[in-house]
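*Asks:* Generate coordinates for the sequence data below:
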Amino acid sequence: MRKALRLRRLSRPYDDRYLFVPLDHSVSDGPVVPRDRWQDLIRAVVLGGADAIVVHKGRVRTIDPAVLGGCALIVHLSAGTAHMADANAKVLVGEVDEALRLGADAVSVHVNIGSDTESRQLTDLGTVAAACDSWNIPLVTMAYARGPRVGDPKDPALLAHVVNIAADLGADIVKTNLTEPAEDMAAVVASCPIPVVVAGGPASAHSITGHARAAMTAGCSGLAVGRRVFTSPAPMQLVAELASIVHSPTDASLIRALTCLENR
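*Replies:* Below is the predicted model of the structure:
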């Protein structure tokens, strides 16, 4: 299958805009939700209108394929935990062909520019990118400025460098932080030849919907919001609100309606 067809699956209205919900935090930080709430969370994310979820390979086996419906599956190949001596280190824990056997529509890799293990992470990114080209599967790179040599992880010039590293090493979509101030993100997006999606960031006083609107106004191609979704008391409602910001309200409503029909 051509990579372009798989890329289209990552945007349910086929408008080249993306709302991803990463749920891979169980490796880095601990359980996302209790076991008895996991299927309900997946269902809420899908019914809310997310374009794709991001999970590790073992977690794929816990997801009912019928629940996913038109929501794409991205298998995350990187891992690291909060208990490591270097919390910014990431290692590969899966391979592209393995993700394909699990039914993945895309894979993702995490790279921290400025970390002590940057060289290893860049090598891993290049290796995965080559495998993605061989298997015709899209690569989403989660690229951040993190480490002892990073002063301001939201500096526009630094983030422009970070997203272009991802593009140059073979990513099809890059996820990174939103600049501060948010309007400076326009220059980052303008510098990059591939779609840029922004992370939702940690729970804080700022509005996630305001964050989303600022990102889209700056020209970003979408959002990747995980923690703010799975810690929300109403995840389906939040995902629906974000989908209406990323896509047109009409397209977002159509996605939800079709998903409801699929899940009857």
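
*Asks:* Which strand or helix spans G58?
*Replies:* G58 belongs to helix 57-60 when assigned by DSSP states H and E.

*Asks:* Restricting to C-alpha, output the following helix or strand past that helix in CSV.
*Replies:* Following helix 57-60 in sequence order, the next helix or strand is helix 65-68 (DSSP H and E). Taking Å, rounded to 0.1, in the frame of the first residue of the first chain, the C-alpha atoms of helix 65-68 are listed here in CSV:
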residue,chain,number,x,y,z
PRO,A,65,-10.7,-3.2,16.6
ALA,A,66,-14.4,-2.7,16.2
VAL,A,67,-14.3,0.2,18.6
LEU,A,68,-11.6,2.0,16.6
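
*Asks:* May I see the buried residues of the helix holding G58?
*Replies:* Buried residues in helix 57-60, counted by 16 or more other CB atoms under 10 Å: 57, 59-60. For the C-beta atoms, the positions are set from N, CA and C on the backbone; glycine is no exception.

*Asks:* Over to stretch 228-236?
*Replies:* 228-230, 232, 235-236.

*Asks:* How about the secondary structure of the closest residue to S78 other than its chain neighbours?
*Replies:* Of all residues not flanking S78 in the chain, H110 sits nearest, at 3.9 Å (CB to CB, 6 or more residues apart in numbering). Taking DSSP: H, G, I helix; E, B strand; the rest coil as the rule, one finds H110 in the strand state.

*Asks:* Distance of H110 relative to G151?
*Replies:* Remark: distance between H110 and G151 (CB to CB, to the nearest Å) = 21 Å.

*Asks:* These two: which is more packed in?
*Replies:* Just comparing H110 and G151: by other CB atoms under 10 Å the higher neighbour count belongs to H110, 25 against 8.

*Asks:* which residues does the more buried one form a beta bridge with?
*Replies:* M142 (DSSP bridges).

*Asks:* pretty sure L77 contacts V109?
*Replies:* Yes: counting by CB atoms under 8 Å, L77 touches V109, with 5.4 Å between them.

*Asks:* Please identify every residue contacting each of the two.
*Replies:* Any residue near both L77 and V109 by CB atoms under 8 Å, 6 or more residues apart in numbering counts here, and that gives 92, 128.

*Asks:* mind listing what's buried in stretch 95-102?
*Replies:* For stretch 95-102, burial by neighbour count (16+ other CB under 10 Å) applies to 95-96, 99-100, 102.

*Asks:* and it, how far out from the chain's middle?
*Replies:* 18 Å (CA atoms, centre = their mean, to the nearest Å).

*Asks:* List of residues touching it?
*Replies:* 57, 60-61, 73, 75, 77, 107, 128, 131-132, 134-135, 137.

*Asks:* that older thread, dump the buried residues of stretch 95-102 into a markdown table; add distance to G48 and secondary structure as well.
*Replies:* Listed next are the buried residues of stretch 95-102 as a markdown table, based on distance: CB to CB, whole Å; DSSP: H, G, I helix; E, B strand; the rest coil:
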| residue | distance to G48 | secondary structure |
| --- | --- | --- |
| E95 | 31 | coil |
| V96 | 29 | helix |
| A99 | 24 | helix |
| L100 | 27 | helix |
| L102 | 23 | coil |
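
*Asks:* All the helices of the stretch 151-264 of the chain, residue numbers only.
*Replies:* 156-168, 185-191, 208-217, 227-230, 235-246, 249-262 (DSSP state H, counting those that start in this stretch).
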